[in-house]
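Undergrad: could you look at this predicted model? Sequence included:
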Amino acid sequence: MRPFEYVRPTTVGEATDFLREHGDDALVVAGGTAAVVMMTLGVLRPDYVVDVGFIPELGPELDGSRSGGAGLRLGALTTVRSIERDPAIAGAYGLLADAASQVANVRVRNRATVGGSVCYGEPQTDLPPALIAMGASATIAASTGVRTVPLAGFFEGPYETVLQAGELLTEITVPLPEPGTFGCHAKFTVGSPENKPVANASVLVRTDEAGRCVEARIVMGAVGPVPVVAEAAAALLAGEVPDAKLIAEVAARAADATDPQDDLRGPVWYKRRIAAVLVERALSCALRKAGNGTR
Ligand SMILES: Cc1cc2nc3c(=O)[nH]c(=O)nc-3n(C[C@H](O)[C@H](O)[C@H](O)COP(=O)(O)OP(=O)(O)OC[C@H]3O[C@@H](n4cnc5c(N)ncnc54)[C@H](O)[C@@H]3O)c2cc1C
């Protein structure tokens, strides 16, 4: 690994001031589960490593979530594991907890942060589709000020996001879902289940008392350069009491919206087929929960 200077800011201001001066030559590190691997492989060769893991503002007590009437606020350092285990998140934000529980393995989940999961911009990631389906936004700080970006517009391509040199993601906010909203995340891997996804699908539905779909959101990961929001497919559900035929139709329409690449995880036709199966599974699961009223 190339030698670098290790910097450990203790406030967001200190971090963004340093990044304003050295942003082009610095690498922010949170959990380090991706950044350190990339440095070890020589893909990233920063002059400065800015370890943001000791900034209390990025997560209460360095790790944790705050939920209230207005929604959920996740400090950037909130670990994937704490999202998986937080009872408040499992309740109203069940889709997010479901996606978190399927990330890698416990060892990785204990280190990887929500900020790192998002800022890495890797298509084969589980939290972004769930967060986009839930309408989440990212708060981004720089020495010049703070901006908020909906996560649906955060990703620009593989490993490319709207983050500019000098910026730090400080928080993810998730609006409180309407009562009666239920969601499921489905993931498929080759090899071990803890591997990165061939494809995944996050589905959120809200139904009325008659079981008619009032709202539906479908977002797929790993089947395009950025998470794929399948709006046309979700629109097929509006006002319907979905049966197996409609669910299959929705899944097929969602798969049409994907833009996967041939790689070691499989060819394009296979990933599209898998995406359809995952949407079918996640949608059936969400509708089942809505029918039972249980998360
Ligand atoms: C073996 C293995 C399997 C995995 N499988 C999965 C999987 O199945 N599904 C899944 O979703 N994930 C999986 N992951 C995790 C994922 O690939 C990333 O490693 C993880 O999400 C990164 O989080 P981190 O906190 O460790 O980020 P880091 O490694 O610290 O950083 C990652 C990137 O984000 C940037 N960054 C981090 N925090 C900030 C911030 N606050 N502001 C600005 N930039 C920031 C860094 O500069 C870096 O570019 C796996 C990881 C491993 C090692």
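TA: That came through, no problem.
Undergrad: C-alpha from now on. contacts and neighbour counts both.
TA: Will do.
Undergrad: end to end, how far does stretch 34-43 reach?
TA: End-to-end distance for stretch 34-43, by C-alpha to C-alpha, to the nearest Å: 11 Å.
Undergrad: hmm, that stretch in reach of the ligand?
TA: Yes: Stretch 34-43 reaches the ligand (C-alpha under 6 Å from any ligand atom) through 34-35.
Undergrad: now do that stretch, average pLDDT.
TA: Mean pLDDT, computed over stretch 34-43, is 96.
Undergrad: and stretch 181-190, by the same measure?
TA: In this model, stretch 181-190 carries a mean pLDDT of 97.
Undergrad: cool, and stretch 96-112?
TA: What stretch 96-112 shows for mean pLDDT is 97.
Undergrad: gap between it and the chain center?
TA: Centre-to-centre, stretch 96-112 and its host chain are 11 Å apart (C-alpha atoms, centre = their mean, to the nearest Å).
Undergrad: end to end, how far does it reach?
TA: 15 Å.
Undergrad: need the residues that contact it.
TA: Applying C-alpha atoms under 8 Å, 6 or more residues apart in numbering, the contact partners of stretch 96-112 are 30-33, 79-85, 89-90, 125-127, 130-131, 184-187, 193-196, 202.
Undergrad: how about it: buried residues?
TA: Of all the residues in stretch 96-112, those buried under the rule 16 or more other C-alpha atoms under 10 Å are 96-104, 108-109, 111-112.
Undergrad: ok, stretch 214-233 next?
TA: 215-230, 233.
Undergrad: would it count as contacting the ligand?
TA: No: using C-alpha under 6 Å from any ligand atom, stretch 214-233 never reaches the ligand; the gap is at least 9.5 Å.
Undergrad: residues of the stretch 51-200 of the chain that sit close to the ligand?
TA: Applying C-alpha under 6 Å from any ligand atom, we find that the stretch 51-200 of the chain lies next to the ligand at 76, 103-104, 108, 111-113, 115-117, 119-120, 125-127, 168-170, 194-197.
Undergrad: try it again with 8 Å
TA: Within reach of the ligand by C-alpha under 8 Å from any ligand atom, the stretch 51-200 of the chain has these residues: 52, 58, 76-77, 79, 100, 102-105, 108-109, 111-122, 124-128, 140, 163, 167-171, 194-197.
Undergrad: break this structure into its domains for me.
TA: Listed domain ranges for the chain are 5-51, 71-174, 181-292 (source: automatic domain parsing).
Undergrad: chain center to the shortest one, what's the gap?
TA: By that I understand domain 5-51. 21 Å.
Undergrad: stretch 268-288 too?
TA: Relative to the centre of its chain, stretch 268-288 is centred 18 Å away, using C-alpha atoms, centre = their mean.
Undergrad: likewise for stretch 202-215?
TA: With C-alpha atoms, centre = their mean, you get 22 Å for stretch 202-215.
Undergrad: can you list contacts of that stretch?
TA: 95, 99, 129-130, 133-134, 178, 180-186, 216-220, 237-242, 279, 282-283, 286-287, 290-291.
Undergrad: now the buried residues of stretch 96-112 as a markdown table including secondary structure?
TA: Shown next, in a markdown table, are these (DSSP: H, G, I helix; E, B strand; the rest coil):
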| residue | secondary structure |
| --- | --- |
| Leu96 | helix |
| Ala97 | helix |
| Asp98 | helix |
| Ala99 | helix |
| Ala100 | helix |
| Ser101 | helix |
| Gln102 | coil |
| Val103 | coil |
| Ala104 | coil |
| Val108 | helix |
| Arg109 | helix |
| Arg111 | helix |
| Ala112 | coil |
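Undergrad: closest one to Pro46 out of these, please.
TA: Ala112 (20.1 Å; C-alpha to C-alpha).
Undergrad: pull out the buried residues from the particular helix or strand that has Tyr270 in it.
TA: Per DSSP states H and E: Tyr270 is located in helix 268-292. Residues of helix 268-292 classed as buried: 268, 271-272, 274-291 (neighbour count, 16+ other C-alpha under 10 Å).
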